[in-house]
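1. Here's a sequence, model it:
(chains A and B)
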Amino acid sequence: NAGVMQNPRHLVRRRGQEARLRCSPMKGHSHVYWYRQLPEEGLKFMVYLQKENIIDESGMPKERFSAEFPKEGPSILRIQQVVRGDSAAYFCASSPPTQAGGSEQYFGPGTRLTVT
Amino acid sequence: GQNIDQPTEMTATEGAIVQINCTYQTSGFNGLFWYQQHAGEAPTFLSYNVLDGLEEKGRFSSFLSRSKGYSYLLLKELQMKDSASYLCAVVRRGSTLGRLYFGRGTQLTVWP
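-> Residues are numbered from 1 along each chain as shown, chains lettered A, B, ... in the order given. Predicted structure coming up:
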């Protein structure tokens, strides 16, 4: 059973460009979470999605950031007009469908975004 | 908001026992997780406590006291490969069910 997959693992963007980060949850998981980890800081929640639904986006900046989890295909975290402060590791996690708040979240390897 | 505190760094020697503490202040507490994260890698699950008491799993144990807002992770027979960051995270009931609130992590260095 493949784990959570994220791509790309490393992404370099110039200021003003768009960044697209992809996450494929574990097989059978329908809950996806995105977290951001800045250097020397803890993981910060950004958004929680189920298939075709955004459940909680309270941790995501209102501007430039968006997320989706379509019926088919991976979840996408999109950052428009990137700035240097967006440089961070972005982790995706998934969990089984029936235990949103009480089960282990399985993390992907992360995408390290560098904005130059 | 949530206040989740854990020490920034700890050191120990191979074969020893180390206890990493985590205190939290949150409403609607629904459970506490411990994750291990090696540098440049994904966090991996270690334990999940919902009820008070000690949960033992091999060399690792986790304790929770809900009344005190306190947990610890106990690592026995330390090995070099245990050098990593240990993350404490809480989950809440209610509208934010599902999201994890993480502490900053405790960087553990195990010396030979």
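
2. Return the residues of chain B in contact with chain A.
-> B:4, B:30-31, B:33, B:35, B:41-45, B:48, B:50, B:87, B:89, B:91-93, B:95-105 (C-beta under 8 Å from any C-beta of the partner chain). (Each C-beta comes from the backbone N, C-alpha and C, glycine too.)

3. Which residues of chain A lie near chain B?
-> Residues of chain A found near chain B (C-beta under 8 Å from any C-beta) are A:4, A:31, A:33, A:35, A:40-45, A:48, A:55-56, A:58-59, A:91, A:95, A:100-110.

4. Quick check on the residues of chain B next to chain A: which are buried?
-> Applying 16 or more other C-beta atoms under 10 Å in any protein chain shown to the residues of chain B next to chain A, the neighbour count classes B:4, B:30-31, B:33, B:35, B:42-43, B:48, B:87, B:89, B:91-92, B:96-105 as buried.

5. Run through the strands of chain B in chain order.
-> B:3-5, B:9-13, B:18-25, B:29-37, B:44-49, B:53-57, B:60-65, B:70-75, B:84-92, B:100-102, B:106-111 (DSSP state E).

6. what's the answer for chain A, then?
-> Ranges of strands in chain A, per DSSP E, are A:5-7, A:10-13, A:19-24, A:31-37, A:43-50, A:53-56, A:65-68, A:75-79, A:88-95, A:106-107, A:111-115.

7. Can I get these in a markdown table including mean neighbour count?
-> Putting the strands of chain A into a markdown table (neighbours: other C-beta atoms under 10 Å in any protein chain shown) gives the following:
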| stretch | mean neighbour count |
| --- | --- |
| strand A:5-7 | 17 |
| strand A:10-13 | 15 |
| strand A:19-24 | 20 |
| strand A:31-37 | 24 |
| strand A:43-50 | 22 |
| strand A:53-56 | 15 |
| strand A:65-68 | 18 |
| strand A:75-79 | 20 |
| strand A:88-95 | 24 |
| strand A:106-107 | 21 |
| strand A:111-115 | 18 |
